[in-house]
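# Following is a predicted model, sequence given first.
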Amino acid sequence: MRKLQMVDLKSQYEKIKQTVDTSIQEVLDTNTYINGPKVHEFQKNLEEYLGVKHVIPCANGTDALQIAMMGLGLQPGDEVITADFTFAATVEVIALLQLTPVLVDVNIVNMNISLDGIRKAITPKTKAIVPVHLFGRAANMDAIMDIAKEHNLYVIEDNAQAIGANFTSRDGVKRKVGTIGHVGATSFFPSKNLGCYGDGGAIFTNDDALAHTIRGIVNHGMYVRYHHDVVGVNSRLDSIQAAVLNAKLPLLDTYNAARQEAARKYSKAFEGHKNIIAPIICDSCDCHVFHQYTLRIVNADRNALMDHLVNKGIPCAIYYPIPLHAQKAYVDSRYKEEDFPVTNQLVQEVISLPMHTELDDEQIKFITDTVLEFFNSNK
């Protein structure tokens with residue numbers, strides 16, 4: 001059996017080596033390292049894939065979120081609602097811009113932001129909602145957009161973990177997550193479903209004026225060289241990373257399908273187990289692209305299971321061990337523990353198993369057998 005990896009980028013690269021190497025070599029041959037043809041080519045290809053008018057590449061996913069908020073003109077003191085159970089980058093950029101983060105609980109079933117939590121958190125100072133499509137599963141964008149419209153709020157989709165996932169609206173129309181709100185942001189960190197070989201990110205929008213503003217922000221506020229029309233930053237996707245992404249983008253649906261198939265096999269093995277709550281996989285499965293495959297362990301010792309897996313050579317992880325409201329940087333007297341019952345429960349229960357495009361049946365069987373072995377030996 002091949003060595004188990006949480007994410008096996010080496011095996012993935014070996015299958016696409018010639019395409020990736022040729023794409024990178026084109027950049028080296030032309031010496032167009034910043035804003036070169038490969039960046040523009042990737043931008044256009046991603047716009048077509050997502051069905052969105054504007055893709056603005058940038059340096060990383062955290063920048064993408066920050067620049068999206070800058071583009072919307074949010075001002076210090078404006079309140080931005082987001083989920084308590086996610087990676088810190090989502091709230092980090094809110095704080096960096098001197099906006100006021102408002103953390104709310106998540107839904108126990110899909111671990112995405114609680115709709116009731118959003119409604120209860122809205123005040124006259126609220127200006128935006130940041131839903132996170134956590135672990136690759138689409139949040140309920142119909143309901144979130146309804147709330148936003150009712151209260152005249154912006155929606156900024158954090159799509160760092162769910163590129164390629166579809167959300168089916170109540171009218172039956174499918175749209176790619178990240179393209180439904182006023183603006184979306186994603187990351188191309190190497191372990192993502194569409195990852196480069198360094199840092200990278202992008203911002204999506206169908207708003208022409210917003211896209212124009214954001215294009216200036218990512219490039220020092222310039223539209224014409226040395227003419228700085230808006231306050232900007234230096235956040236550009238370099239051409240070599242764009243070359244890698246351009247080589248991998250045509251395979252994204254295949255990669256996501258491989259993750260979905262691995263998830264089905266995992267969940268089939270755990271079906272009906274009293275101590276394991278596996279992710280829900282709908283018939284079409286296109287609403288979840290399984291950036292992570294995350295179990296909930298109930299009435300059992302999650303940490304002991306983790307130790308058991310590690311001792312057997314199986315990598316695993318806890319995403320996320322500490323809620324944002326309990327992080328030193330974001331502690332706030334506004335937050336009460338009773339406001340976050342689901343998040344506080346999840347941090348004690350969740351464990352993520354290896355999930356990537358190269359998982360094979362032998363590996364999945366070894367992993368699932370080892371998980372079940374733990375429970376059988378601890379009856």
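Received, thanks. Computed from a predicted structure; not experimentally measured.
# Quick check: chain neighbours aside, which residue is closest to the residue sitting nearest the centre point of the chain?
In the chain, the centroid-proximal residue (CA atoms, centre = their mean) is residue 161; its distance is 2.0 Å. Computed as CB to CB, 6 or more residues apart in numbering, the closest residue to residue 161 that is not its neighbour in sequence is residue 291, at 4.0 Å. For glycine as for every other residue, the C-beta is placed from the backbone atoms N, C-alpha and C.
# pLDDT score for that neighbour?
Looking at residue 291, its pLDDT is 98.
# rewinding a little: wait, doesn't the residue nearest to the centre of the chain sit right on residue 134?
Yes - with contact defined as CB atoms under 8 Å, residue 161 reaches residue 134; the gap is 6.4 Å.
# Would you mind pulling up the elements that the longest helix seen in the chain packs against?
Ranked by number of residues, the top helix in the chain under DSSP state H is helix 9-30. Applying 3 or more CB pairs under 8 Å, 6 or more residues apart in numbering; DSSP states H and E, we find helix 9-30 packed against helix 37-50, helix 239-248.
# Pick the most buried one from those.
Highest mean neighbour count among the helices and strands packed on helix 9-30 (mean count of other CB atoms under 10 Å): helix 239-248, with a mean of 26.
# buried ones in the following helix or strand past it?
Per DSSP states H and E, helix 239-248 leads on to helix 252-270 as the next helix or strand towards the C-terminus. For helix 252-270, burial by neighbour count (16 or more other CB atoms under 10 Å) applies to 252, 255-256, 258-260, 262-263, 266-267, 269-270.
# now do stretch 357-367
Result for stretch 357-367 [16+ other CB under 10 Å]: buried residues 357-359, 363-364, 366-367.
# same question, stretch 182-194
Here stretch 182-194 shows 182-190, 192-194 as buried, counting by 16+ other CB under 10 Å.
# swap in stretch 217-230?
217-220, 222, 230.
# and which of the residues you listed is nearest to residue 119?
Nearest to residue 119 out of these is residue 217 (CB to CB; 31.2 Å).
# quick one: contacts for the residue nearest to that closest one when sequence neighbours are not counted?
Of all residues not flanking residue 217 in the chain, residue 232 sits nearest, at 4.5 Å (CB to CB, 6+ apart). With contact taken as CB atoms under 8 Å, 6 or more residues apart in numbering, residue 232 is in contact with 216-222.
# what's the closest of those residues to residue 165?
Taking the contacts of residue 232 together and measuring to residue 165 by CB to CB, the closest member is residue 218, at 24.7 Å.
# Secondary structure of residue 375: a helix, I assume?
Yes - according to DSSP: H, G, I helix; E, B strand; the rest coil, the state of residue 375 is that of a helix.
# Look at residue 49 and report its pLDDT.
98.
# I'd assumed residue 248 was in contact with it.
No - distance between residue 49 and residue 248: 11.4 Å, which falls outside the contact criterion (CB under 8 Å).
# tell me, what's touching those two both at once?
With CB under 8 Å, 6+ apart, residue 49 and residue 248 have no common neighbours.
# thinking again about what came up before, possible to save the contacts of residue 232 as CSV with pLDDT?
Below are the contacts of residue 232 laid out as CSV (pLDDT from 0 to 100):
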residue, pLDDT
216, 97
217, 97
218, 97
219, 96
220, 96
221, 93
222, 94
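# In strands only, show me those residues.
residue 222 (DSSP state E).
# nearest to residue 275, of the contacts of residue 232?
Nearest to residue 275 among those: residue 218, at 47.2 Å, using CB to CB.
# Next, the contact list for residue 368, please.
Counting by CB under 8 Å, 6+ apart, the residues that residue 368 touches are 265-266, 269-270.
# which one of those residues is nearest residue 373?
After measuring the contacts of residue 368 against residue 373 - CB to CB - the closest member comes out as residue 269, at 11.7 Å.
# surely the closest one meets residue 372?
Yes - between residue 269 and residue 372 there is a contact under CB under 8 Å: 7.2 Å.
# what about residue 282, distance to residue 89?
28 Å (CB to CB, to the nearest Å).
# higher neighbour count, those two?
Comparing residue 282 with residue 89 by other CB atoms under 10 Å, the one with more neighbours is residue 89, at 20 against 10.
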